[in-house]
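> Sequence below, structure please.
(chains A, B and C)
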Amino acid sequence: MPKTDTTEETDTGRTLLRAEGISKGFPGVWEHLILNEIDFDVKEGEVHTLLGENGAGKTVLANILSGFYGSTAGKIYIKGEEVELNSPQDGLEHGVGMIHQEVMLAKPFTVAENVALGTDDSDFSYPLDKVEHRVDQLSENYGLEVDPTARVGDLSAGEQQRAEILKVLYHEPQVLILDEPTSLLIPQEAQQLFKVLRGMADEGFGIVFITHKMEEVMEVSDRVTVLKLGKVMGETDIEETDEEELTEMMLDEKIPIRLERKEFEEQSVSLSVEDIYVTGSRGNTQLNGVSLNLHEGEIFGVAGVSGNGQSELIEAITGLREIDNGRLIIEGKDMTDASPREIQEKGVAHMPEKRREIGVVEPMTVGENLILRDYRDPPFSRLSVLNRSAITNHAEEIIEEFDVIAPDIWKSETRILSGGNIQRMILGRESWRAPEIIIASHPTHGLDRRAVSHTWELFIDLRDRGSAILLVSEDLDEVISLSDRIAVMLEGNVVGIVDSDEADKSELGMMMTGA
Amino acid sequence: MFKFDSIFTRFIALSLVIGLVSFGITVVSSVGINASAQEKKKIAVVTDVGGRGDLSFNDMGFKGADEAAEEFGVELQVAQPASEADYLPNVRTLARTGDYEVIIGVGFLLTDAIETAAKQFPDQNFALIDAVVDQPNVLNFVFKEQESSALVGALAAMTAAHYDYSKVGIVLGIEIPPLWKFEAGYRFGIKWGLDYYEKVTGEKANVDLLWTYTGTFSDVAKGKSSANAQISQGAGLIYNVAGPLGLGILEAVKDNLNQRGKESGPPFMIGVDANQDYMGNGNKVLASGMKRIDRASYIAVKRAVEGNFKGGTEVLGLDDQGVGLSRYSLLVDFMQFGLKGDQIKEENIETIKENWLEMREEIPQFIWTGVNELENLIVSGNVTPPVPSTEEEMKDVRKEYP
Amino acid sequence: MLTRIYEQVKPILDSFLAGLIGLAMGAIIMAIWGYAPLDAYDALFTAIFGSFYGFSSTLARATPLILTGLTFAIGVRGGIFNIGAEGQVFMGALAAISVSLLSLPSGIHVLVAIIAGAMAGAIWSLPPSFLKITRGVHEVISTIMLNWVALYFGMYAVVEWLGDPQRAEKSISAATTSRLPIMVSGTSLTYALFVSLAFSLLIFFLLWRTTLGFELRVVGQNPAAANYAGIKENYSINSTFILGGLAAGVAGALQIIGHPPTYALYSDLSTVRNLGFDGIGVALIGRNHPIGVIFAAVFFAGLNVGARTMQITAGVPLEMVRIIQGVIIIALAAPELIELTNQLLPAVRNWINEVKTS
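The predicted structure follows:
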């Protein structure tokens, strides 16, 4: 067993972190290893991107490198020395910090308190002033603007992520791993983040950046490793490759860029929202008199910076949130005070934004989750008794059609599935009936490009068959390429509705930010 | 979760090691213990759910069996139930071994268990204390509570007369036939005591009886309210025939004494079944009409060991010390129970003894002489307290001894 | 392949290891106090498996524990910490005695007694359900309080209304027509066992094969997703309480009509005391699964039965035996217990905070 790594010195700099032959299997997922003999390294002063589809194993690898998971096999060297990482604390001690895709901060506490939570010197009276001062320093150094005294729960997604980065930086790591950091950010915030990352790389950090978005790869990386189904498909310097080559490595097929659709003609109104007012979770008014009409055979996009009332609008339409004032009409019927069930029974499908939180019941099986909204109806149940074979058939169809990777319909808990797989389950479950109305919130968030294009095709197909689709997304490209009309929301109001033929990205961006 | 795994594994490993080591040690030690065990005759005591340390039935049943075991050189096994559901299985498990000369059920709660087991194991000797089961292999012990009640009745009446109280009281539980014996005996004793008082002092004292059936054996508050009522109507002594309600009666007595700035009675309480004299610091319970469970278990063991055990019902009275008035020696025994059960503290024992002796000395000697005389009369059969067995008979007793 | 098999048997292996740890710790405790652990364990296992009589006694003891275990298990499945089995058992027992005053033909009488017990248990589960749904009162608090109410009500009822005129210490016994026959003569095992087993299977079917059970489990695992799925949360919570109450009520009834020799309640209710609380342990060991609960109840009952022989043949006093039992049970229940307390503590804390601030 070599104590030191002979390939330490290279052109770019010292190798900070090197992993050899990393393999990982999870209980219940036996069809294939999540990771299979992965070699990976990151050097001083570089941004090394991990690129791959959903379920390729990027997150799992990151978690192993940072000590969150133990690996089934393989070795990890830090600065040439073999180490055993059994916990995130171990990782931090050895200078490896990870920023997760989901925010992992205690929401009721302030930024500084969250930072202090992870430190060893947090005695009975930890020096909060000192922590705040240090956080201020760090945020100034790296251009990560966050108020250390603000409560995390009050911050935007971008700010929360910056707080998360600061929390890791507090431990003075040398390697920083970021798992899909841009997934919650608006474009401007993402740009800002890339600047920060570049700056940090120039200061000598080794950065591991995880993404499935090609443009980000090209923008920020020095080197890129492509993962597919737990295997390394290739590793190359960014200068020696291009988008096409990477895409080919990542996928087996080329992706259609633009989708054909039937000519849109004004049809009858399926759903209309009339001047509604809604109170948000924190007691403040989140919708100030929003009105819109959704037509049969139309995709109606709602664009806006996250937190401007889109979530509340969807909750109001689907019955999950009380409408204070105004009316909700579905298929000509007043459904203002209807329950989620009544609205569902009116033929409204809902692909929720919070998939793991409300879209599925994680501890329940894949089969059960695929009938979560349909279990009351035949053939899935008759006289209140569930029909297992009908459910199995149904589940197999959805799994097949939507490429869901699930080990077993009746044995696997849904929690072991990746976010993308869960999203595919929800897409299948909510669309198989070709419902009259579909409320879709960030339907392609977290999906790889192939799944995205599949979803887009699905939406266009449903639209062509007469479904009315309300599409809320932060991905402007998606909204523009899918929608027939686009509404822009700002501070609880619809500030404009445009036909997507005439839509211009920068114009929409200005409407979104109120410029 | 991931950290937990490794800690958990280590924990298992560590525990297994400790476990194996301790098994090793204990194999060696248990071999030693086995070798020293020798064959002895065995007897068993089955307690009710109160178990050892109840300061009453179970402790007394154990005490008698323990003394007998010591005396006759037999081994004593106690089986305590964790719940009512264990009564029958406990008796059965003991009976199935066939090793026990006698299995003693302490208290009426074991009635059904002893009956069922006695039918199932006809060759096994059983004893049941304070209840009756009609099986040829069961020796039942019941008590002439009317005799002890007569003694405390006489004591109460004369003491009340001496302190110029116009009433004596009795607080009873639910009106069931077994309690009539107490009431009848008490009434009889009062009459006898007043007659004796007149004979000795030449004064005719007027002491009436206040009696209350509370309808409960568990509601202590009712004991207190009943006693309060009786005290306010002029009762100088109150006989507790309702188990734990005695605690309430004692409270009422204490309250009355406190109001009048006194330490010791009257008013007094009179205890029942066990020796309750030590309660209230030794100077508030004048005496107790005791039921000697220990005598019963002693007799059961003695007969079984000596080979003359026979089924049937044994009625224990004053003549064979099965019932009686509380005395100093028994007070000391019971304070030992009280100590173990944390009811009283070591440092209070001397105070309680002194208080008790002082309390008893306050009562004129002639009263004690009278009580002793009544006891002799009952033992010799010259006087017999009434034992009503039907409601009619009880009514007659109430008429005769108002 | 090997790892795959390992995954399948891991829960069983875990429980087995936990049991061994418990036994080992028990052995240490006994050794420290100078008792012979090997003798004691020998007595314990002989009692449970060594004889037909022992095993019958174990099953007899397990009969009510299966049901009270189900009460808690159903609760956990439906997202409720139902500590109320204790009081519901009392009510079921009282109802069973009350209807045994009727004169009915024997088969029907048994059925009537069981149904009466089930109904009484279910009715006693309604107040905490109502309080939770309408006022947000946490069920741990309301069920514990109602347990006490049921206890004192039961003692009052046994003394005042249902008392045996000849024997102050107990209630009247169930009429012979309403008694379940003894299955193995010379033991306490009655056909009540089959009632418990049938109820377990029924609950299993209900939870995993019906829409009601589906709703109940969704609400239990994720109320927000339940709302999204169009499930009426309050209805589901109420069903959870009622199902639990039914199970506990049946347990109470069986303790009367299927519990020789007395077929009655003692006036301190000792006939049915602690069954509800033991049921929590049973559910935890049985991983809150209706079938797991059956095995856990048998195990639990085995410890009870073994306690007797540990006392009688190995001379280990009851207090020590109970310590050993406690250690073993905690070792077995620990994984589930940790998970549940992690869920429970924040909920109670939130509730208290809400009460404070409102």
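> List the buried residues for the host helix or strand of residue C:342?
Here residue C:342, judged by DSSP states H and E, is contained in helix C:318-357. Neighbour-count burial for helix C:318-357 flags C:318, C:320-321, C:323-325, C:327-337, C:340, C:351 (criterion: 16 or more other C-beta atoms under 10 Å in any protein chain shown). Glycine gets a C-beta too; all of them are placed from N, C-alpha and C.
> One more: stretch C:47-62?
C:47, C:48, C:53, C:54, C:55, C:56, C:57, C:58, C:59, C:60, C:61, C:62.
> Let me have those residues in a markdown table, extended by distance to chain A and secondary structure.
Putting those into a markdown table (distance: C-beta to the nearest C-beta, whole Å; DSSP: H, G, I helix; E, B strand; the rest coil) gives the following:
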| residue | distance to chain A | secondary structure |
| --- | --- | --- |
| C:47 | 37 | helix |
| C:48 | 33 | helix |
| C:53 | 41 | helix |
| C:54 | 37 | helix |
| C:55 | 33 | helix |
| C:56 | 36 | helix |
| C:57 | 37 | helix |
| C:58 | 32 | helix |
| C:59 | 31 | helix |
| C:60 | 34 | helix |
| C:61 | 32 | helix |
| C:62 | 28 | helix |
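> just those residues now: which is nearest residue B:250?
Residue B:250 lies nearest to residue C:61 out of those, by C-beta to C-beta, at 39.2 Å.
> Would you check how far apart that closest one and residue C:299 are?
For residue C:61, the distance to residue C:299 (C-beta to C-beta, to the nearest Å) stands at 11 Å.
> tell me the SS of residue B:128?
Recorded secondary structure, residue B:128: strand (DSSP: H, G, I helix; E, B strand; the rest coil).
> is it true that it touches residue B:137?
No - between residue B:128 and residue B:137 there is no contact under C-beta atoms under 8 Å: 10.9 Å.
> out of these two, which sits in the busier spot?
Shown here are residue B:128 and residue B:137; by other C-beta atoms under 10 Å in any protein chain shown, residue B:128 has more neighbours (29 against 20).
> re the thing from before, which ones, among the buried residues of stretch C:47-62, also lie beside chain B?
Residues of those in contact with chain B (C-beta under 8 Å from any C-beta of the partner chain): C:47, C:53, C:57, C:61.
> Tell me which two in those residues are the farthest apart.
Of all pairs in those, the most separated under C-beta to C-beta is C:53 and C:61 at 12.7 Å.
> now the helices: where do they sit in the stretch 51-200 of chain B?
Assigned by DSSP state H, counting those that start in this stretch, the helices in the stretch 51-200 of chain B fall at B:57-72, B:87-97, B:111-120, B:145-162, B:177-201.
> I'd like to know which of the ones you listed is closest to residue C:278.
helix B:87-97 (15.8 Å).
> Can you name every helix or strand that the closest one contacts?
Contact analysis of helix B:87-97 by 3 or more C-beta pairs under 8 Å, 6 or more residues apart in numbering or on different chains; DSSP states H and E lists strand B:42-46, strand B:75-79, strand B:100-106, helix B:111-120, helix C:52-77, helix C:290-312 as its packing neighbours.
> change it to 10 Å
Contacts defined by 3 or more C-beta pairs under 10 Å, 6 or more residues apart in numbering or on different chains; DSSP states H and E place helix B:87-97 against strand B:42-46, strand B:75-79, strand B:100-106, helix B:111-120, strand B:126-129, helix C:52-77, helix C:290-312.
> Only alpha carbons, please: show it as PDB.
Extracted in PDB, the C-alpha atoms of helix B:87-97 (Å, rounded to 0.1, in the frame of the first residue of the first chain):
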ATOM      1  CA  TYR B  87     -52.100 -15.800  40.300                       C
ATOM      2  CA  LEU B  88     -53.200 -19.000  38.700                       C
ATOM      3  CA  PRO B  89     -50.000 -19.700  36.700                       C
ATOM      4  CA  ASN B  90     -47.900 -19.100  39.800                       C
ATOM      5  CA  VAL B  91     -49.900 -21.600  41.800                       C
ATOM      6  CA  ARG B  92     -49.900 -24.000  38.900                       C
ATOM      7  CA  THR B  93     -46.200 -23.800  38.200                       C
ATOM      8  CA  LEU B  94     -45.400 -24.500  41.800                       C
ATOM      9  CA  ALA B  95     -47.900 -27.400  41.900                       C
ATOM     10  CA  ARG B  96     -46.600 -29.000  38.700                       C
ATOM     11  CA  THR B  97     -43.100 -29.500  40.200                       C
END
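> As JSON lines, the helices and strands packed on helix B:87-97 with mean pLDDT would be great.
Converted to JSON lines, the helices and strands packed on helix B:87-97 look like this (pLDDT from 0 to 100):
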{"stretch": "strand B:42-46", "mean pLDDT": "92"}
{"stretch": "strand B:75-79", "mean pLDDT": "89"}
{"stretch": "strand B:100-106", "mean pLDDT": "93"}
{"stretch": "helix B:111-120", "mean pLDDT": "93"}
{"stretch": "strand B:126-129", "mean pLDDT": "95"}
{"stretch": "helix C:52-77", "mean pLDDT": "94"}
{"stretch": "helix C:290-312", "mean pLDDT": "88"}
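> Pick the most buried one from these.
Most buried of the helices and strands packed on helix B:87-97, by mean neighbour count (mean count of other C-beta atoms under 10 Å in any protein chain shown): strand B:126-129, with a mean of 30.
> List the residues that contact residue 222.
If you meant another chain, say so; for now it's chain A. A:12, A:42-43, A:45-49, A:198, A:201, A:207, A:209, A:237-239 (C-beta atoms under 10 Å, 6 or more residues apart in numbering or on different chains).
> wrong chain, I was asking about chain B
Contact analysis of residue B:222 by C-beta under 10 Å, 6+ apart lists B:171, B:173, B:212, B:214, B:215, B:216, B:242, B:245, B:248.
> Which of those sits closest to residue A:148?
Of the contacts of residue B:222, the one sitting nearest to residue A:148 (C-beta to C-beta) turns out to be residue B:248, at 64.3 Å.
> how much space between whichever residue of the stretch 301-402 of chain B sits closest to chain C and chain A?
Proximity of the stretch 301-402 of chain B to chain C (C-beta to the nearest C-beta) peaks at residue B:391, 11.3 Å away. Going from residue B:391 to chain A by C-beta to the nearest C-beta, to the nearest Å gives 59 Å.
> ok, back up a step: between the ones next to chain B among the buried residues of stretch C:47-62, which is nearest residue A:179?
Taking these together and measuring to residue A:179 by C-beta to C-beta, the closest member is residue C:61, at 53.2 Å.
> quick one: the closest one and residue B:86 touch, right?
Yes - under the criterion of C-beta atoms under 10 Å, residue C:61 makes contact with residue B:86 at 9.0 Å.
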